[in-house]
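Colleague: could you work out the structure for the sequence below:
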Amino acid sequence: MSADTTSGPAIRLLSVDFDCPDPAELARFYGDALGLPILYSSDDFILLGREGSPGLGFIRVADYRRPTWPDPSQGKQAHLELGVDDLEAAHAEMLALGAVEPPVQPHPDQRRVLLDPAGHPFCISTLA
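Modeller: From the prediction side, this is the model:
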């Protein structure tokens with residue numbers, strides 16, 4: 001990778017966006033979990049984040065199909081890894097916010113796989 005940045009356009013990550021049936025529900029979940037405010041909102045799209053930093057977007061899709069992880073018939077589509085300092089407390093907090101626990105937990109001592117309200121799997125992992 002070249003260190004020369006003058007030869008091409010500047011490219012930066014603006015957001016990671018998730019398809020879902022209800023942007024408001026998913027934005028509330030991740031906004032509460034991560035302490036992120038709404039930067040933009042319409043009926044079909046909500047963007048969470050902080051000015052000048054990449055955000056999380058949620059896009060309404062009429063025929064949305066929930067991921068079926070670990071069943072590969074409807075793949076996981078996206079996956080967030082969230083670092084936590086207290087795995088048990090974070091696990092309980094995410095469940096209280098509306099996450100659900102799938103039947104498969106590959107490494108429960110180090111990370112927990114959870115599903116957000118739209119069915120997207122995500123992990124909470126210890127910051128060690």
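
Colleague: please make it C-alpha for all contacts and neighbour counts, starting now.
Modeller: Noted.

Colleague: can you list the low-confidence ranges for the protein?
Modeller: In the prediction, the chain carries residues with pLDDT under 70 at positions 1-6, 128.

Colleague: where along it do the strands fall?
Modeller: Assigned by DSSP state E, the strands in the chain fall at 15-20, 38-41, 45-48, 55-60, 80-84, 111-115, 121-126.

Colleague: can you give me the buried ones in the fifth one?
Modeller: Judged by neighbour count (16 or more other C-alpha atoms under 10 Å), strand 80-84 contains these buried residues: Val84.

Colleague: turn the strands of the chain into JSON lines, including distance to Trp69.
Modeller: Below are the strands of the chain laid out as JSON lines (distance: least, C-alpha to C-alpha, whole Å):
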{"stretch": "strand 15-20", "distance to Trp69": "16"}
{"stretch": "strand 38-41", "distance to Trp69": "28"}
{"stretch": "strand 45-48", "distance to Trp69": "25"}
{"stretch": "strand 55-60", "distance to Trp69": "20"}
{"stretch": "strand 80-84", "distance to Trp69": "14"}
{"stretch": "strand 111-115", "distance to Trp69": "9"}
{"stretch": "strand 121-126", "distance to Trp69": "7"}
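
Colleague: so Ser125 touches Asp109, yeah?
Modeller: No. If you go by C-alpha atoms under 8 Å, Ser125 and Asp109 don't touch, sitting 9.1 Å apart.

Colleague: between the two, who's got more neighbours?
Modeller: Ser125 (22 against 11; other C-alpha atoms under 10 Å).
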